[in-house]
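> turn this into a structure:
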Amino acid sequence: MTPAIFIEAYVVDIIIGDPRRFPHPVVIIGKAVKYLEDKIRLLYPFDKKKGGIILWFAVVIPVYFITCGAIKGCLLINPLFGAIITVLLASLTLATKSLYNESKVVLNALNRGDIEEARKSLSMIVGRDTENLNEQGICRAVIETVSENLSDGIVAPMFYLAIGGVPLAMAYKAINTLDSMVGYKNARYGDIGWFSAKMDDIWNWIPARLTGFIIILAAFILRLNWRDSWRIMRRDGRNHSSPNSGMPEAAAAGALNIQLGGKIQYFGKIFHKPMIGDRIKEIDRDDVKKTWIIMFASSFLMAFVCMAVLGMVQ
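Sure, this is the predicted structure:
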């Protein structure tokens, strides 16, 4: 990965995002996961944990080597063509504009006073039940998912692009996709998805903490509450069922002087997530807009760090 390829991929993601008519690699990976999951359930009906390990390797390893082969093949055809394909594939591992666009649809609905449409749009980007959420609950959910996905969808792919190029970043996307599809702690996926969930935790451990520190730096630059961002991340960063998601959420909550977590509903059942942050103010739509600003600032800062590292290495 060269600094030029990296910055071009970042710019393409910011400006274009995920093209609607282009077959996105994550969609292809998702279809492969579903196909292999069904096959492995038939092959290992009584040892789904073993099947889950096989499923992980059967998805991640081919994704890495197919990406390597595709890039090398395109470079052999024509260096310029290969460079264009590399930039495109690299940009597709990032999700800055798509995360903004998808969450913006929710806020637009709220601005129109259409809370039913806001709930429906929110259900497309979160796993929780949204049918009974009020405006504050909707805004809280958007802030939580944007701050969490700032790590999963932006900082982590940049991190793996910088240290291992497009193949490693695409392998990370496969790991992330596996976790989102089978990494649930329930009767259906508890065994076959345990390995995918554990590997996702491992691969996100460094990026999640890096994201937290970048959010603090962004809060300082944006003149938000960077001191509480640091304090809340240290205090509440582990107040989450995930060992990683709490870090960026806590940093964002501190920067915005708000409290995340609390009552949440999944599949009709009420759960109480640990509180993250101090309730200095009530959550409102402006906090969603500030979260977007934090997201873009953090993506720029991470891109700058990666560019600097790549430049020094080369």
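> let me see the confidence value for the residue most central in space within the chain.
By C-alpha atoms, centre = their mean, the chain has its centre lying nearest to residue 152, at 2.6 Å. In this model, residue 152 is scored at 95, pLDDT.
> Three-state assignment for the residue nearest to it when sequence neighbours are not counted, please.
Nearest residue to residue 152 in three dimensions, chain neighbours excluded: residue 176, at 5.9 Å (C-beta to C-beta, 6 or more residues apart in numbering). In this view, the C-beta of every residue, glycine as well, is placed from N, C-alpha and C. State at residue 176, reduced to three classes by DSSP: H, G, I helix; E, B strand; the rest coil: helix.
> please verify my assumption that residue 176 contacts residue 199.
No - here residue 176 lies out of contact with residue 199, judged by C-beta atoms under 8 Å, at a distance of 10.0 Å.
> and these two? Which one has more around it.
Taking other C-beta atoms under 10 Å, residue 176 and residue 199 do not tie; residue 176 has more neighbours (24 against 20).
> how close does that one get to residue 138?
25 Å (C-beta to C-beta, to the nearest Å).
> sketch out the low-pLDDT regions of the stretch 51-200 of the chain for me.
Filtered on pLDDT under 70, the stretch 51-200 of the chain yields no residues whatsoever.
> report the buried residues of stretch 19-26.
25, 26 (16 or more other C-beta atoms under 10 Å).
> again with stretch 148-156
Within stretch 148-156, the residues that count as buried by 16+ other C-beta under 10 Å are 148, 149, 150, 151, 152, 153, 154, 155, 156.
> so which strand or helix has the third one?
Just to be clear, that refers to residue 150. helix 135-150 (DSSP states H and E).
> would you list every one of the helices in the protein?
With DSSP state H as the criterion, the chain has helices at 3-15, 25-43, 48-77, 79-92, 96-111, 115-122, 135-150, 156-182, 194-221, 226-236, 246-256, 285-313.
> where does the stretch 201-314 of the chain have low pLDDT?
Scanning the stretch 201-314 of the chain residue by residue, none of them satisfies pLDDT under 70.
> run the last query once more with 80
266-268, 314 (pLDDT under 80).
> before we move on, the earlier item: tell me which of the helices of the chain sits nearest to residue 129.
helix 115-122 (9.4 Å; C-beta to C-beta).
> report the angle between the closest one and helix 96-111.
Interaxial angle, helix 115-122 versus helix 96-111 (axes from the mean of the first three to the mean of the last three C-alpha atoms, to 10 degrees): 160 degrees.
> how many other residues sit next to residue 59?
For residue 59, the neighbour count with other C-beta under 10 Å is 25.
> from residue 177, how far off is it?
In terms of C-beta to C-beta, residue 59 sits 8 Å off from residue 177.
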